[in-house]
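Peer 1: Could you work out the structure for the sequence below:
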Amino acid sequence: MATSPPFPTRPPSPGDGVLRHPHWWQRRWVRYGAPSTLLALSGLVILALVRRQTGTDGFLVGLGLAVLPVPWLIAAFRWLDRVEPGPWRNLVFSFAWGACAAALIAIVANSFATEWIATSTADPASADTLGATVIAPVVEESAKAAAVLLVFLFRRRDFTGIVDGVVIAGTTATGFAFTENILYLGTAFGTDQLTGDRGIASVTAATFFVRIVMSPFAHPLFTVLTGIGFGIAALSAERRPVRRILLPVCGLLLAMGMHAFWNGSATFGQYGFFAVYGGFMVPVFGLVTWLAIWTRQRELRAVRAELPAYVLAGWLGPGEPFALGSMRARRMARDYARHHHGRPAAREVARYEGYATSLAFLRRRGRAGRAGADFTVRERELLAELWRRRHVARPALEYASRAAAPAPVYGPAAPYGYPAVAYSPYNPYRT
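Peer 2: Here you go, the predicted model:
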């Protein structure tokens, strides 16, 4: 059954086949150099601003304490993304954007807005409250959402669903919280230096407990709502542009509202913070975590459901859909390749697993009518990547399918020479 229009999708036009030089903004050094330069400059500026506010000692203490939750949060998001791992460059960009660009925008905009309100109303206390509950949520969530939008627009192949939105948004927010925690903890340490407080009674200890122990997930949780909106938009058909715009906007508004509610908890009375934390933040965190894990399991089921078509066509071995749809079997396949052929072979198996998962998701989008015009081209690219690695990956995955559980057989295994069924770009599932 064909899942996309025949290729090519348009008649040839004058100029086809003529080598065109890319525009200057499409050149590789511009696409990578411009964002890297922007983030580096933002990082230098934010470093100077934070160090100026906290002092050198406060900055070093804040840095040492703020880095503690970062590896755990990044590891959690990376674990969630293991079904179809996105490239590391997307995570590095997202974290750097949150820690540098978004933090710089937030510091400058929040300070300017709060100062302007205090000057206009001659009421600094009200200005601080308004800044924390209204200005900060809008500015900070918009700044963090910009990273999700950029990946959504310019790394569209890597942004295919809810899990990708959660991972990119959560990583961006982790970077933002890292810089913000340096500022708060460094300032608290400076206050303790002036007052002479030490130990549990110090402002530094209280700040550490609230921001690092109790709520390291706060900023990621807010921005993940934006990421979910973008993820659902990525699953929507391209012919529904209104839905693809409204869903991210709704996610962003939810993130702003939740952020404002959290920031305003301190004004709800003596126990307002703990009431909001226990009655609202923790349940929402649990709900979002359940949604992310459920979506991850749904992706594995999609892999098991979509890949048998490629077994019948001879591109995959009979046990591969089961092995690729089980994280345990995937790990066993990598271990098998590492044990018998070394680490390079294990890395090839991991790449094979990623390409096969992308192929399953592509076919799912095609069957649902959400595939783009490049469906056939992309499918052939993924199949070529799989075929190139079949000698290493297929034995490992077949072993894993037998060792993990009895695998259903969808068809005869293809020989290691050429596909058992000829592949046609017009109908990849017809002989």
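
Peer 1: Would you map the helices across the stretch 51-200 of the chain?
Peer 2: Along the stretch 51-200 of the chain, the stretches classed as helices by DSSP state H, counting those that start in this stretch are 70-80, 88-96, 103-121, 124-130, 136-154, 162-195.

Peer 1: Okay, now the unreliable bits of the stretch 1-150 of the chain?
Peer 2: For the stretch 1-150 of the chain, applying pLDDT under 70 flags the ranges 1-31, 122.

Peer 1: And for the helix or strand containing P344, what's in contact with it?
Peer 2: Using DSSP states H and E, P344 maps to helix 343-367. Helix 343-367 has contacts (C-beta atoms under 8 Å, 6 or more residues apart in numbering) with 3-4, 83-85, 160-161, 299, 302-303, 305-307, 309-310, 316, 320, 324, 330, 333-335, 337-338, 371, 375, 378-379, 382-383, 385-386, 389-390, 392-393, 396-397. (C-beta placed from N, C-alpha, C; glycine too.)

Peer 1: now do 7 Å
Peer 2: The contact list for helix 343-367 (C-beta atoms under 7 Å, 6 or more residues apart in numbering) reads 3-4, 83-85, 160, 302-303, 306-307, 309, 324, 330, 333-334, 337-338, 371, 375, 378-379, 382-383, 385-386, 389, 392-393, 396.

Peer 1: pLDDT of that helix, averaged?
Peer 2: Mean pLDDT, helix 343-367: 90.

Peer 1: Over to stretch 223-233?
Peer 2: Taken as a whole, stretch 223-233 has an average pLDDT of 94.

Peer 1: Tell me the gap between it and the middle of its chain.
Peer 2: From the chain centre to the centre of stretch 223-233 is a distance of 10 Å (C-alpha atoms, centre = their mean, to the nearest Å).

Peer 1: what comes up buried for the helix holding P344?
Peer 2: By neighbour count on 16 or more other C-beta atoms under 10 Å, the buried set for helix 343-367 is 345-346, 348-366.

Peer 1: what's downstream of it, the next helix or strand?
Peer 2: With elements assigned by DSSP H and E, the helix or strand that comes after helix 343-367 is helix 375-388.

Peer 1: Please tell me how far M332 sits from E398.
Peer 2: Distance of M332 to E398, computed by C-beta to C-beta, to the nearest Å: 11 Å.

Peer 1: correction: Y336
Peer 2: According to C-beta to C-beta, Y336 and E398 sit 10 Å apart.

Peer 1: Check A323 too.
Peer 2: 7 Å.

Peer 1: higher neighbour count, these two?
Peer 2: Neighbours were counted for A323 and for E398 using other C-beta atoms under 10 Å; A323 has more, 32 against 19.

Peer 1: if I pick that one, what's in contact with it?
Peer 2: A323 makes contact with A329, R330, A333, L397, A400, S401, A404, according to C-beta under 7 Å, 6+ apart.

Peer 1: out of the residues you listed, which are inside helices?
Peer 2: Judged by DSSP state H, helices contain the following of the contacts of A323: A329, R330, A333, L397, A400, S401, A404.

Peer 1: want to try a markdown table for the residues you listed, with pLDDT as columns?
Peer 2: Formatted as a markdown table, the ones in helices among the contacts of A323 follow (pLDDT from 0 to 100):
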| residue | pLDDT |
| --- | --- |
| A329 | 91 |
| R330 | 93 |
| A333 | 93 |
| L397 | 91 |
| A400 | 90 |
| S401 | 88 |
| A404 | 78 |
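
Peer 1: so, if you compare these, which one comes nearest to A147?
Peer 2: Ranked by distance to A147 (C-beta to C-beta), those are led by R330 at 28.8 Å.

Peer 1: Could you report the separation of the closest residue to that closest one other than its chain neighbours from P318?
Peer 2: Distances taken as C-beta to C-beta, 6 or more residues apart in numbering place E353 nearest to R330, at 5.4 Å, with adjacent residues excluded. Distance of E353 to P318, computed by C-beta to C-beta: 17 Å.

Peer 1: Same check on G186?
Peer 2: Separation of G186 from P318 (C-beta to C-beta) stands at 59 Å.

Peer 1: Looking at the two, which has the bigger crowd around it?
Peer 2: Neighbours of G186 and P318, each counted by other C-beta under 10 Å, are more numerous for G186; the result is 27 against 19.

Peer 1: Kind regards, and thank you for your time.
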